[in-house]
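Novice: Generate coordinates for the sequence data below:
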Amino acid sequence: MYANAYKMSELSNFVKNRRKLLGLSQEEFAEKAGVALTVIRKIEQGKENLSLSKVNQVLQMFGHVLGPINESNEKRNS
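Specialist: Modelled structure (predicted):
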């Protein structure tokens, strides 16, 4: 559980920092990404119950996507 919270924190910081670099408010960014403002707010707050498709819709603004990670591979690589 703590590992997931840490990763959500990374995602949250990434999106917030990139959005600010673009000089966009949350509202402006949501509109450009084609998602509801609540999606941006939930991502930036580090909420864990998000739709992967909505997160990817936001991340595509920066040329990124997020996918599932096989935990056994993750443990092997660390």
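Novice: got the contact list for the residue nearest the centre of the chain?
Specialist: The centroid of the chain falls nearest to Leu11 when counting by C-alpha atoms, centre = their mean (4.4 Å). Counting by C-beta atoms under 8 Å, 6 or more residues apart in numbering, Leu11 touches 43, 46, 55, 66. Placement of C-beta: from N, CA and C, glycine included.
Novice: how about these, which pair is most distant?
Specialist: Across the contacts of Leu11, the longest distance by C-beta to C-beta is 14.0 Å; it joins Gly46 and Leu66.
Novice: So for the two, which sits in the more crowded spot?
Specialist: Neighbour totals were compared for Gly46 and Leu66, and Gly46 leads with 18 against 13 (other C-beta atoms under 10 Å).
Novice: helix/strand/coil for that one?
Specialist: State at Gly46, reduced to three classes by DSSP: H, G, I helix; E, B strand; the rest coil: coil.
Novice: That one contacts Met8, doesn't it?
Specialist: Yes - the pair Gly46 / Met8 is scored as a contact, 4.4 Å apart, by C-beta atoms under 8 Å.
Novice: Assign the nearest residue to Leu37 once chain neighbours are set aside to helix, strand or coil.
Specialist: Nearest non-adjacent residue to Leu37, counting by C-beta to C-beta, 6 or more residues apart in numbering: Ala30, 4.5 Å away. Under three-state DSSP, the three-state class of Ala30 is helix.
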